[in-house]
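Q: got a structure for you, letters missing:
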């Protein structure tokens, strides 16, 4: 299976996980946990299938990868909470709320870059420069695909009394 097919499947699963929070409480929560576990396993499989790590590299890479993903999960949780909050208010957004929303989106994007900058030297210390670059390419592709999928579901903001924007 090609990276594109695997990543595409992962993106769809991850979007479903992110949007699961819009359903009923108890059932949606347990389903969301299962979906998150499946999406994480699929993501790890994509990384593993494309890194070409030796046995010694694997021993050092996977614990650092897990630590990195844990840091990124905090940012993704923040992002999904921002999207859920936006979904509740996008039809009646005030200028102040729109400003706060955009500021939060930019802070989330910066937090992601900050985590990457923190972890790049750590990955460089345990695998080659080429493999470090490859890992961050894979990570960025996965993130971009998820963002593209999410963008299809997030409506454009409108203020009170404004007609719905063309999408």
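A: Done, it's in. None of these values were measured; they are calculated from a predicted model.

Q: pretty sure residue 79 contacts residue 106?
A: No. If you go by CB atoms under 8 Å, residue 79 and residue 106 don't touch, sitting 11.8 Å apart. Every C-beta, even on glycine, is put in place using the N, C-alpha and C of the backbone.

Q: List the buried residues in the helix or strand that residue 123 is a member of.
A: Here residue 123, judged by DSSP states H and E, is contained in helix 95-124. Residues of helix 95-124 classed as buried by neighbour count (16 or more other CB atoms under 10 Å): 97-98, 101, 104, 111-112, 116, 119, 123.

Q: Closest to residue 52 out of those residues?
A: Here the nearest of the buried residues of helix 95-124 to residue 52, counting by CB to CB, is residue 123; it sits at 14.5 Å.

Q: Does the nearest residue to that closest one once chain neighbours are set aside fall in a helix, a strand, or a coil region?
A: Take residue 123 and drop its neighbours on the chain: the residue closest to it by CB to CB, 6 or more residues apart in numbering is residue 132, 4.5 Å away. Three-state call for residue 132 (DSSP: H, G, I helix; E, B strand; the rest coil): helix.

Q: and residue 132, what does it touch?
A: Contact analysis of residue 132 by CB atoms under 8 Å, 6 or more residues apart in numbering lists 120, 123-124.

Q: Residue for residue, what is the longest helix the protein has?
A: Assignment by DSSP state H gives helix 55-89 as the longest helix of the chain.

Q: now residue 156, what's its secondary structure?
A: Three-state assignment for residue 156 (three-state DSSP): coil.

Q: and it, how many neighbours does it have?
A: Counted by other CB atoms under 10 Å, the residues lying close to residue 156 total 9.

Q: okay, it: pLDDT?
A: On pLDDT, residue 156 comes in at 78.

Q: just for the protein, where's the confidence low?
A: Flagging of the chain using pLDDT under 70 yields the residue ranges 1-36, 162-167.

Q: Now with 50, please.
A: For the chain, the stretches flagged by pLDDT under 50 are 1, 6-7, 20-23.

Q: Does residue 90 touch residue 158 like I think?
A: Yes. At 6.9 Å, residue 90 counts as touching residue 158 under the criterion of CB under 8 Å.

Q: re the thing from before, between the buried residues of helix 95-124, which sits nearest residue 145?
A: For the buried residues of helix 95-124, the closest approach to residue 145 (CB to CB) belongs to residue 112, at 14.7 Å.

Q: Could you check how far the closest one is from residue 64?
A: Counting by CB to CB, to the nearest Å, the gap between residue 112 and residue 64 amounts to 17 Å.

Q: Figure out how far stretch 100-115 is from the centre of its chain.
A: Relative to the centre of its chain, stretch 100-115 is centred 13 Å away, using CA atoms, centre = their mean, to the nearest Å.
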